[in-house]
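J.: Using only what follows, build the 3D model:
(chains A and B)
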Amino acid sequence: MSVEALSRGNWLARGFGALGLGRANLNLRLGAAIIVGWALIAVFAPWIAPYDPITHNLADKLQGPSLLHPLGTDNFGRDILSRVIYGARIDLQMGVLGVLFPFLIGTTLGAIAGYAGGWVDILLMRILDVVLAFPFLVLMLAIIAILQPGLTSFYIALALVGWVSYARLVRAQVLVLKTSDFVTAARSLGFGRFRILFRHILPNCIAGSIVFSMSDVVLVVLAGSSISYLGLGVQPPTAEWGVMIAEGQNFITTAWWITTFPGLAIVLMAFGFSLLADGLAERFGLRQP
Amino acid sequence: MSAPLPLLQVRDLAVRFRAGGVGLPGFGARYVNAVNHVSLSIAPGETLGVVGESGCGKSTLGRAILNLVDAQGGEVRFEGDVVSSHDPSSIAKLRARAAMIFQDPYASLNPKLAIGEAIAEVLRVHRKTQPEKVAARVAELLYLVGLSPELAARKPHQLSGGQCQRVGIARALAIEPRLIIADECVAALDVSIQAQILNLLMELQRQMNLSLIFISHDLGVVRHLCRRVAVMYLGRIVELGPTEQVFAAPQHPYTRALLAAVPDIDPDRTLNPAQLRGEPPSPLDLPTGCPFHPRCPHAQEVCARGEAPMLRASGTRELACHFDLPLNSQQGEGP
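T.: Prediction:
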């Protein structure tokens, strides 16, 4: 290998290092690339999308993939490619926000339960058992139905239901770290409970939750799509992949592209987050590569 | 010689842990009696060694003094004030003046925190330094324990065990303590590093007039370092006195056995024959009477009955035995 190639390799490595990907593995890079790709598509949707995602154009309805409409059109003549591109905005937001709130709530409650112990722990764990006793989707549907169908209700329902996984995960870790030497050392130095919990214990047990949250994004996007499909989430005519699949199902035998391409978009995004989760797990040393 | 007011007084301290048994209170619960009726005191600037075999409760004693484990009985007084687990302010006051150094230098540092930050945090929590002077004080503390201030940005895993232990000492010193409890603080280090850390501790102790409770199973180190020594067996202090006297003329049969078991580097000598029969009894199920009687070569009938003998004065030291020892030919070897 020539000297230039070597130094270029170093330059690349330094670039990855600057991005925090110094020892990054293939999973992490590929996953990050896919998610960044979707994020760019979402941000620049108005410039990328060739057509308006909402306006009907009945003259062009149910056309198969062509040069004019690369992914075809639906029964209202809307361009599928444009709708998939705009759908990325909603679905990415759903994935991120739908995980963020449960993550924050679950991590905090789990950490408090594990660290406080006693009746606080018992109370929180019994509430958790109650939530877990219901099937996930049934409880989600019930809460959304009580509120009112829509994206906001979806987030609220997820926050109420989704925190349990994070709480359990973090609580178990906190229980282990609570008796570790460095926590005892922090106590012996007279540090307060909140300082010990949030500055010493949590940073050392958050990695598992972050990895889990990445795979959780996949579940949340699928749940969001399912709930939109059932008519309780994102409302038509908004472009959202789950809604698109629901709308296209009547035409599945005659116009397969209406459901297939949004379905592939979901798969590709889920794939990206899964890779990211695997890569992060490796990175944090939670799993052997 | 007038006795100075003790810095720390421990009276009748008892710690027990639950072991096994079902969750319901009172059903099948068994307790490990880790520390039983321990009393000791330490004067300002004094060094007290606590020795004993593994599991004798010496580490638990250290932790109980700082209220890191709950005591089931007894009393700890620091600078004359009672430290009670029911009074958070008394604990805060104690921990602002007394620090602990731990056995495992890596495990006792937060792995995510740079060591400079770990020291700075102590300064900030205890408001020891004005915010703008924290960095300078951290550098000063690192220098004091023999580390280059340039290491401040390193994480614990980037340092050696000896360096981590120095960080632990720097953190303890950051609170400007009167008392340091060193819990097996060199046991995990290489012998050459041990000497460095011990010399550092002794020097700091002299400079700052620190009191030091040095918990160790290494009798040589304790003899070298400590003015007084307490020998523990099964959660009790069996003998306590000036180090040289205790080492030169041990009175309690357990102390004698312990000292006789120290291996000697002398190829011509065979190892000492085992002094003690059997294993120490399980702390889950302590024998009646003197806890040492099942293994004691001098045990009499009285030793097996009633309560364990209390620590009582015997000349310049204290002793927990029914008899005036020594019972055999070592008589007259005293100070």
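
J.: number of nearby residues for whatever residue of the stretch 151-289 of chain A ends up closest to chain B?
T.: As assessed by CB to the nearest CB, chain B sits closest to A:G190 within the stretch 151-289 of chain A, at 3.5 Å. C-beta coordinates here come from the backbone N, C-alpha and C atoms, glycine included. The tally of other residues near A:G190 (other CB atoms under 10 Å in any protein chain shown) stands at 21.

J.: sec struct for it, please.
T.: With DSSP: H, G, I helix; E, B strand; the rest coil as the basis, A:G190 sits in coil.

J.: State the distance from it to B:A92.
T.: Distance of A:G190 to B:A92, computed by CB to CB, to the nearest Å: 6 Å.

J.: ok, now which ones touch B:A230?
T.: If you count contacts by CB atoms under 8 Å, 6 or more residues apart in numbering or on different chains, B:A230 has them with B:L40, B:L48, B:G49, B:V50, B:V51, B:I237, B:E239, B:L240.

J.: Now that we're looking at it, what pLDDT does it have?
T.: B:A230 is assigned 93 on the pLDDT scale.

J.: Likewise for the one 10 residues further on?
T.: On the pLDDT scale, B:L240 is placed at 91.

J.: if I look at it, how far off is B:L48?
T.: B:L240 is 9 Å from B:L48, by CB to CB.

J.: what's the neighbour count on the closest residue in space to A:P203 that isn't next to it in sequence?
T.: Nearest residue to A:P203, sequence neighbours excluded (CB to CB, 6 or more residues apart in numbering or on different chains): B:K112, at 4.7 Å. Other residues near B:K112 come to 17 when the count uses other CB under 10 Å.

J.: Over to B:K112: give its phi and psi.
T.: B:K112 has phi and psi values of phi -90, psi -10 when expressed as degrees, to the nearest 10.

J.: which bits of the stretch 1-150 of chain B sit near chain A?
T.: B:63, B:66, B:68, B:91-92, B:95-96, B:99-100, B:102-104, B:107-113, B:121-122, B:125-126 (CB under 8 Å from any CB of the partner chain).

J.: would you list every one of the helices in the chain?
T.: You didn't pick a chain, so chain A it is. Applying DSSP state H to chain A gives helices spanning A:3-18, A:26-43, A:45-48, A:80-116, A:118-133, A:136-146, A:151-178, A:181-188, A:193-195, A:206-229, A:241-248, A:257-283.

J.: I was thinking of chain B, sorry if that wasn't clear
T.: Here chain B has its helices, by DSSP H, at B:58-65, B:88-95, B:115-125, B:134-144, B:161-174, B:191-208, B:219-225, B:243-248, B:253-260.

J.: ok now the third one, how far from the chain's centre?
T.: Okay, so that is helix B:115-125. 25 Å (CA atoms, centre = their mean, to the nearest Å).

J.: Also the fourth one?
T.: For helix B:134-144, the separation from the chain centroid amounts to 28 Å (computed by CA atoms, centre = their mean).

J.: got the contact list for that helix?
T.: B:115-116, B:119-120, B:123-124, B:128-129, B:148-149, B:151-152, B:167, B:170, B:173-174, B:204.

J.: Can you verify my assumption that A:A186 contacts A:H200?
T.: Yes - counting by CB atoms under 8 Å, A:A186 touches A:H200, with 5.2 Å between them.
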